[in-house]
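Enquirer: Could you look at this predicted model? Sequence included:
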Amino acid sequence: MARLDGKVALVTGAGSGIGRAMAERLSSEGAAVMCADINEEGAQHTAALVSEHGGRAAAMQLDVSAEEQVKAALQRTVDELGGIDAVLNNAGIGGANGWDTTIAVNLSGVYWGLLHGAQLLAERGGGSIVNTASIAGLVGLVATQQRPSLAEPLTPGAGAYVAAKHGVVGLTRQFAITYARYGVRVNAISPGYIETPMTAGIRDVEGAQAFLESLHPLGRLGKPEEIAAAAAFLVSDDASFITGIALPVDGGYTAR
Ligand code: NAP
């Protein structure tokens, strides 16, 4: 019997990168997966990949910054896949999108998933929530490029991203404590730099790839599958006594 047999999971941001890898990994371990993304085509593509490999999946469009849409996605998962045991609040954007948008997606988006997801799981007898935070939820970020002058404020994007991800770690701890007695475990993963479309623009700048690699003691960037492996563990009963953590999966980035 596979580790996640009979479980149903909602994965946000499942149309690309880490979320797609999560959906594929959870399915490979037996879970049925609702693939939700603001990019509906991407979500459908992920669901098709899961189906091709013999898994059970559905897809839907979801903007995690809209509370009512998050509530509806949770209910739709139950209606279409026959239950819900895990919620993976993974959707996110880079800080270059500006303060309001970054906070709305990366922090409020996770909050709506926790607020309504933890409640639903508790009502149904328990479950597991995994939030995708970041090393930026644990430490500040080092700039990959020197700014030419002080004509404008430095790294406003990094500030918004770091604030949102630190908030995700805080929410993870608070919801873990609040919902522990109802059998709902709440954890976060803090990835280092991962090779996904989100980081493509950063990695493409001359010299940036080598610089980023040098920040990770393992000497390379991570792969989406390495984050998905940690997520599957945290969802599974192998993590039955783990709640309220922000697990670095970062090649040693935060150990330095
Ligand atoms: P990605 O490849 O860009 O995937 C993110 C997905 O989320 C995209 O399909 C994106 O759609 C979608 N999305 C954006 N806004 C959304 C919204 N409002 N509602 C629902 N879906 C939305 O990025 P990724 O690297 O896999 O990132 C996944 C998560 O990991 C994010 O929370 C990110 O902050 C976190 N993370 C990434 C890294 C890294 O190095 N890659 C490191 C640490 C943490 P569009 O493409 O249409 O925008």
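Expert: Good, I have the coordinates. Numbering: from 1, shown residues only.

Enquirer: Flag every residue of the stretch 51-200 of the chain that's near the ligand.
Expert: Within reach of the ligand by Cβ under 6 Å from any ligand atom, the stretch 51-200 of the chain has these residues: 62-65, 90-93, 105, 109, 132, 134, 191, 193-194, 196-199. Just so you know, the C-beta spots here come from the backbone N, C-alpha and C atoms, and that holds for glycine as well.

Enquirer: The lowest-mean-pLDDT helix or strand in the chain packs against which elements?
Expert: Sorting the helices and strands of the chain by mean pLDDT, DSSP states H and E puts helix 197-204 at the bottom, at a mean of 93. Where contact means 3 or more Cβ pairs under 8 Å, 6 or more residues apart in numbering; DSSP states H and E, helix 197-204 is packed against helix 208-215.

Enquirer: Buried ones in the helix it packs on, by neighbour count?
Expert: Of all the residues in helix 208-215, those buried under the rule 16 or more other Cβ atoms under 10 Å are 208-209, 212, 215.

Enquirer: The ligand next: which of the residues you listed are close?
Expert: Contacts with the ligand within the buried residues of helix 208-215, as defined by Cβ under 6 Å from any ligand atom: none are present.

Enquirer: Next step: the residues of the stretch 51-200 of the chain next to the ligand restricted to helices.
Expert: 109, 197-199 (DSSP state H).

Enquirer: Just the buried residues out of those, in PyMOL syntax.
Expert: Here is the PyMOL command that selects the buried residues among these (16+ other Cβ under 10 Å):
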select buried, resi 109+198+199
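
Enquirer: Would you reformat the ones in helices among the residues of the stretch 51-200 of the chain next to the ligand as a markdown table and include distance to residue 53?
Expert: As requested, these are exported to a markdown table (distance: Cβ to Cβ, whole Å):
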| residue | distance to residue 53 |
| --- | --- |
| 109 | 28 |
| 197 | 22 |
| 198 | 24 |
| 199 | 26 |
